[in-house]
Structure formats: C-alpha cells, structure tokens
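Asks: Provided below for reference: sequence and predicted model.
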Amino acid sequence: MSPPPNAKRCAWCESVISDPLYVAYHDREWGVPLHDDRALFEFLILEGAQAGLSWLTILRKREHYRAAFDGFDPAKVARYDDGKIASLLADPGIVRNRLKVNAAVINARRFLALQDEFGSFDAYLWRTVDGRTVHNAWGHGDRLPAQTSRSEALSKDLSRRGFKFVGPTICYALMQAVGMVNDHSTDCFRYRELAAT
C-alpha cells in the first residue's frame, strides 16, 4: 500500500526523509504487529547490534546480516562455533563487535529454550502487553520514551534467562519495531492505519 499524497510522518522519520530505506521502514514495518518467530528473532538480534549506533546503519546492513546469519534461523545460529564466529568478525557487512556477535549466538540458544517453554517466542514476548498492541498518543515531535516499565520488566526477565544485549532501551526499541506498542505520532498517517487494525 502506498502512503497518501503529502502524507505526514513521524518527526524522527522526517529528519532523514532523504533516505528511502528509512522511509520505507517507517511506512511498512515500524509498529506493525509481528507474530512470526523467525522475524522476531531477526529484530531481537538487529536491535542488539544497533546498540550505540543509528538504526539507519543497521538497515543498510540488514540484507547482509540476513545472508551472514543464515536468514536468522535461530536453530542454525545456535550451532555457530568458534570458526563461524571468527568469520563473522571478519565480515565488513555486519557490525564486527565480538560481544554483539557472541550475544547473537547465546540469544539464539536462549530463544530456542523459550520456544520450548512457551510454544513460541511470540507467545512469550507478546504476553508483556497482554497480547495486544498498546496505542500511545504522542504529538508530532514529542520525545518518545527510551524505556518503560514494561520494557524494564521484559529486559529483567530476558536477562534472568541468560539473554545478552537486552537492556530496557533495546527491549523498548524491539517492542516499537514489532508493533507491541504503536508509537507513531497521532498526526502520522501510519498511526491511524495501525490503530484501526
């Protein structure tokens, strides 16, 4: 679906409006409820990789990440050995941070354990918001929170279960990305579209 002519977007998107990759992400993905475990695993890993960097940097590397991490298949990532980790650390197409690459492997193993316990990572994750998107009501240019009590609780539980790079800010970015919260500004064309679903 194409945005309406002269569509108003969230202020954070307008700040880099010249980048079509960023605009497409805002228009098609950010805040859309996501319930596919493999796609949720992708966002979990990419949000962790983004720590300390811009999201646009990660978007530009995303396709390479998909190839390097076997399509974000958690079962395959969970089996990565020292040789595979070394090859990832030599790959300029991803963020070559040893802690972040090691975290991806650890998180894949923890992810599989959660699937076993809850039936799916989706079921585990969405219970944080009682299975329904929280629709916030931010004005254009309002400063969005970096974390909330729900992201703090999610972070604490994931950390307790052995996940890495899952601080409350990363968890809130994940919640925004996968539509657990609708943080589009109320004058953004996507806010109304998502609130209606």
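Replies: Alright, I've got the coordinates.
Asks: per-residue pLDDT, I17?
Replies: We note a pLDDT of 60 for I17 in this prediction.
Asks: what's the span of stretch 76-87, first residue to last?
Replies: The stretch stretch 76-87 measures 15 Å between its terminal residues, going by Cα to Cα, to the nearest Å.
Asks: And for stretch 155-165?
Replies: One end of stretch 155-165 sits 9 Å from the other (Cα to Cα).
Asks: again, but for stretch 131-144
Replies: By Cα to Cα, the extent of stretch 131-144 from end to end equals 22 Å.
Asks: In that stretch, which residues are buried?
Replies: If you call a residue buried by 16 or more other Cβ atoms under 10 Å, then stretch 131-144 has these buried ones: T133, N136, W138. Quick note: C-beta positions are derived from backbone N, CA and C, even for glycine.
Asks: does D142 really touch S185, like I thought?
Replies: Yes. Contact status for D142 versus S185: in contact at 6.7 Å, counting by Cβ atoms under 8 Å.
Asks: Closest one to F41 out of the buried residues of stretch 131-144, please.
Replies: Nearest to F41 among these, counting by Cβ to Cβ, is T133 at 19.9 Å.
Asks: any chance of the buried residues of stretch 131-144 in CSV, plus distance to A90 and secondary structure?
Replies: What follows is these, written out as CSV (distance: Cβ to Cβ, whole Å; DSSP: H, G, I helix; E, B strand; the rest coil):
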residue, distance to A90, secondary structure
T133, 40, coil
N136, 42, coil
W138, 42, strand
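Asks: From those residues, pick the one nearest L158.
Replies: Out of these, the one with the shortest distance to L158 is T133. That distance is 20.0 Å, counting by Cβ to Cβ.
Asks: And the least confident helix or strand in the chain by mean pLDDT, what does it pack against?
Replies: Among the secondary structure pieces of the chain, namely its helices and strands, helix 11-14 has the lowest mean (mean pLDDT, DSSP states H and E), a mean of 85. The criterion is 3 or more Cβ pairs under 8 Å, 6 or more residues apart in numbering; DSSP states H and E, and the helices and strands that helix 11-14 contacts are helix 20-28.
Asks: For the helix ranked longest in the chain, which residues meet the burial criterion?
Replies: When the chain is parsed with DSSP state H, its longest helix is helix 98-118. Judged by neighbour count (16+ other Cβ under 10 Å), helix 98-118 contains these buried residues: 100-112, 114-115.
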